[in-house]
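Engineer: I'll drop the sequence and a predicted model, then ask my questions.
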Amino acid sequence: QVQLLESGGGLVQAGASLGLSCAFSGRAFSSYHMAWFRQAPGKEREFVAAIHRNGDNSYYTDSVKGRFTISRDNAKDTMYLQMNNLKPEDTAVYYCAANFVGGVWGRLFRPTDFASWGRGTQVTVSS
């Protein structure tokens, strides 16, 4: 059974950087495609970034391209999200997702495409 635990959230000012981690518990982390989603108050959960199980390919939503970097360390069973030049609109609970059950990898990433979720970590960016 897959368990995911996010960490690294916090309160920062606009323009600052923050790094999130997602610790994976279970079998064969390297066999899972992984992703980050976020959910702001009153809004639907939205895709942020995804990474192939071997770490070679990654995808980003347009609003974070050039500012966020997703990565993983298969030797440590951990995924990361480095967030630079944070903006107030990045404020949300950030969720780690694994166990891709969707259609074609790389085409579209929806919350329903992932079967395993962490409990989330809060990121708040003040202006």
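Structural biologist: Ah, there it is. Numbers count the residues shown, from 1 in each chain.

Engineer: specify the beta-bridge partners of the residue nearest the centre of the chain.
Structural biologist: Closest to where the C-alpha atoms of the chain average out (CA atoms, centre = their mean) is Trp36, at 1.8 Å. Taking DSSP bridges as the rule, Trp36 bridges to Ala49, Cys96.

Engineer: per-residue pLDDT of it, please?
Structural biologist: Predicted confidence (pLDDT) for Trp36: 98.

Engineer: next: the one 4 residues further on.
Structural biologist: You'll see Ala40 listed with a pLDDT of 97.

Engineer: not counting its neighbours along the chain, what's nearest it?
Structural biologist: Ala92 (4.2 Å; CB to CB, 6 or more residues apart in numbering). The C-beta positions use only the backbone N, C-alpha and C, and glycine is treated the same way.

Engineer: gap between the closest residue to Ser17 other than its chain neighbours and Ala14?
Structural biologist: Of all residues not flanking Ser17 in the chain, Asn84 sits nearest, at 4.6 Å (CB to CB, 6+ apart). For Asn84, the distance to Ala14 (CB to CB, to the nearest Å) stands at 12 Å.
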